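Chemist: dropping a prediction and its sequence here:
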Amino acid sequence: MKILVINTGSSSIKYELFDMAGHEVMASGMAEKIGEEEGLIIYKRNLINGESTEKRETGVIADHHGAMNRIVALLVDTEHGAIRDKNEIAAVGHRVVHGGEAFHSTTIIDEEVIAAIKRNIPLAPLHNPPNLVGIEVAGSVFPNALQVAVFDTAFHQTIPMRAFLYAIPFDLYEKEKVRRYGFHGTSHAYVAEMAAEYLSRPLSELNLITIHLGNGASMAAIKNGECVDTTMGMTPLAGLVMGTRSGDVDPALPFFLADHLKMSPKEIDALLNKESGLKGICGTNDMREVITKMGEGDSRAKIALDLYTYRIRKYIGAYFAALETLDAVVFTAGIGENSSYIREMCSRGLNRLGMEIDLDRNKLPGSGISEISSQDSQVKILVIPTNEELKIAQETKKAIANSLK
């Protein structure tokens, strides 16, 4: 079975084509700057011998339909194509950011599902509309393939009311569905499953804290295999300090900015989402640059890193309390997988919680799952590469199998 995974943004389409017989990536790439003066399409074909070929095209990409048609043309190209005919693709798995309370699992897309995604647009105005465009385009380009939605929020739907509810008038939850939803669910679910496999234990018996650290960052508390709390909220703005997002702030801050600096709601939204976090404190959201600047004596970079890692340690302590017992802490995503400094700083001072990092193990490069806790550590500290695209493909295949029962 061949499954195409796509992640549609307002001006981009990222894609990976999987052969599910061996969970192999046959081809991948992206179309970006759709609708702009000069777009770019990248197509990478993985060969049987382990090598790959890459093709890049520049030019105007009028719209998402044009981008998807060009991607299909590259996939079936007689010289570089990964498949002979687009009808070889059995299903298209879509990353959909916000499923609200309507979706607790991966779902085959029909008119009711599309209507529900539309109803959740107020909760994710920047993400759900382009996700819907991707569904529409893929449905027209691949009329014989099943379309499947994999929701970022679904994994967090097991969170109890005491963790997802905000202490505001209850009508706002009942009528407007204002509550904590959480995101990065596909990544948290994937690394939790990989941790269970690595530890040779059923996921249903494990308590984990998973830490997804990319430009966006979030944590999840997983009790007996189910998520019971997460750092992001109704939107991806809450929780940890991120590349350009503020994370947790005093809820009254926007009123202060509006009253004293006469900022508009749109300006405040841009400030908190695009100009804050690491970038707001030290001028860059690239963690490698921040660490380099700190090494060169930049005091702002040091402040940014102290704040970034302190917030993570604080949430580790909070989630330890929520879980009561803890089997493993998992670092994942670009920063979590690649920055030994960040992992070290996030793990410091937690010995009383049974969590002790091995500094030498932590610095060793690794491409797969790495165990970086000391031999005396009661809690395992793991580094597990995430693979959200593979998880989406797996979920898509599972949804197809369930529909045939």
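Modeler: All right, it came through fine.

Chemist: give me the below-cutoff pLDDT ranges for the stretch 301-405 of the chain.
Modeler: The stretch 301-405 of the chain contains residues with pLDDT under 70 at 405.

Chemist: and the strands in it?
Modeler: Using DSSP state E, counting those that start in this stretch, the strands of the stretch 301-405 of the chain run over 328-332, 370-371, 380-383.

Chemist: quick check: which of those is buried the most?
Modeler: Mean neighbours per residue, mean count of other Cβ atoms under 10 Å, is largest over the strands of the stretch 301-405 of the chain for strand 328-332, with a mean of 27. For every residue, glycine as well, the C-beta is placed using N, CA and C.

Chemist: helices and strands around it, which ones?
Modeler: helix 185-199, strand 207-213, helix 340-347, strand 380-383 (3 or more Cβ pairs under 8 Å, 6 or more residues apart in numbering; DSSP states H and E).

Chemist: tell me the gap between the second one and the middle of its chain.
Modeler: This points to strand 207-213. 12 Å (Cα atoms, centre = their mean, to the nearest Å).

Chemist: tell me the average confidence for that strand?
Modeler: Averaging pLDDT along strand 207-213 gives 98.

Chemist: that strand vs strand 328-332, what angle?
Modeler: Taking axes from the mean of the first three to the mean of the last three Cα atoms, to 10 degrees, one finds strand 207-213 and strand 328-332 inclined to each other by 20 degrees.

Chemist: ok, residue 208 - how many residues close by?
Modeler: Applying other Cβ atoms under 10 Å, we find 29 residues neighbouring residue 208.

Chemist: not counting its neighbours along the chain, what's nearest it?
Modeler: Nearest-residue entry for residue 208: residue 222, 4.3 Å, with adjacent residues in sequence omitted and distances by Cβ to Cβ, 6 or more residues apart in numbering.

Chemist: quick one: secondary structure of the one you found?
Modeler: Following DSSP: H, G, I helix; E, B strand; the rest coil, residue 222 is assigned to strand.

Chemist: re the thing from before, tell me which of the helices and strands packed on strand 328-332 sits most buried.
Modeler: Taking mean count of other Cβ under 10 Å, strand 207-213 is the most buried of those, at a mean of 27.

Chemist: can you pull the contacts of the residue nearest to residue 208?
Modeler: Contacts of residue 222 were listed using Cβ atoms under 8 Å, 6 or more residues apart in numbering, and they are 188, 192, 206-210, 228, 323.

Chemist: how is the protein partitioned into domains?
Modeler: Listed domain ranges for the chain are 2-151, 201-388 (source: automatic domain parsing).

Chemist: Serialize these to TSV and add fields for distance to residue 402.
Modeler: What follows is the domains of the chain, written out as TSV (distance: least, Cβ to Cβ, whole Å):
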stretch	distance to residue 402
domain 2-151	9
domain 201-388	19
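
Chemist: and those, which one is worst for confidence?
Modeler: The stretch with the lowest mean pLDDT among those is domain 2-151, at a mean of 88.

Chemist: start to end distance for that one?
Modeler: With Cα to Cα, to the nearest Å as the measure, domain 2-151 spans 20 Å from end to end.

Chemist: does residue 278 count as helix, strand or coil?
Modeler: helix.

Chemist: now it: how far from residue 127?
Modeler: Computed as Cβ to Cβ, to the nearest Å, the residue 278 to residue 127 distance reads 22 Å.

Chemist: those two: which is more packed in?
Modeler: residue 278 (25 against 22).

Chemist: residue 201: which of the strands of the stretch 301-405 of the chain is closest?
Modeler: Comparison of the strands of the stretch 301-405 of the chain against residue 201 by Cβ to Cβ identifies strand 328-332 as nearest, at 9.7 Å.

Chemist: quick revisit: CSV for the strands of the stretch 301-405 of the chain, including distance to residue 116?
Modeler: Below are those laid out as CSV (distance: least, Cβ to Cβ, whole Å):
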stretch, distance to residue 116
strand 328-332, 29
strand 370-371, 40
strand 380-383, 36
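
Chemist: and residue 30, which of the ones you listed is closest to it?
Modeler: Going by Cβ to Cβ, the one of those nearest residue 30 is strand 328-332, 21.5 Å.

Chemist: how far does the closest one sit from the chain's center?
Modeler: Using Cα atoms, centre = their mean, the offset of strand 328-332 from its chain centre is 15 Å.

Chemist: switch to numbering from 44
Modeler: Okay, using 44 as the starting number, the last item reads as strand 371-375.

Chemist: so what touches that strand?
Modeler: Residues contacting strand 371-375 (Cβ under 8 Å, 6+ apart): 230, 234-235, 238, 242, 249, 251-256, 359, 380, 386, 389-390, 398, 422-429.

Chemist: residue 70 is in contact with residue 59, correct?
Modeler: Yes. Counting by Cβ atoms under 8 Å, residue 70 is a contact partner of residue 59 at 7.4 Å.

Chemist: for residue 230, give me the pLDDT.
Modeler: Value for residue 230, per-residue pLDDT: 94.

Chemist: I'd say it and residue 431 touch.
Modeler: Yes. Residue 230 is in contact with residue 431 according to Cβ under 8 Å; the separation is 5.2 Å.

Chemist: elements contacting the longest helix seen in the chain?
Modeler: In terms of residue count, the longest helix belonging to the chain (DSSP state H) is helix 342-366. Judged by 3+ Cβ pairs under 8 Å, 6+ apart, the packing partners of helix 342-366 are strand 250-256, strand 260-266, strand 269-273, helix 320-325, helix 330-338, helix 383-390.

Chemist: let's see 6 Å
Modeler: Contacts defined by 3 or more Cβ pairs under 6 Å, 6 or more residues apart in numbering; DSSP states H and E place helix 342-366 against strand 250-256, strand 260-266, helix 320-325, helix 330-338, helix 383-390.
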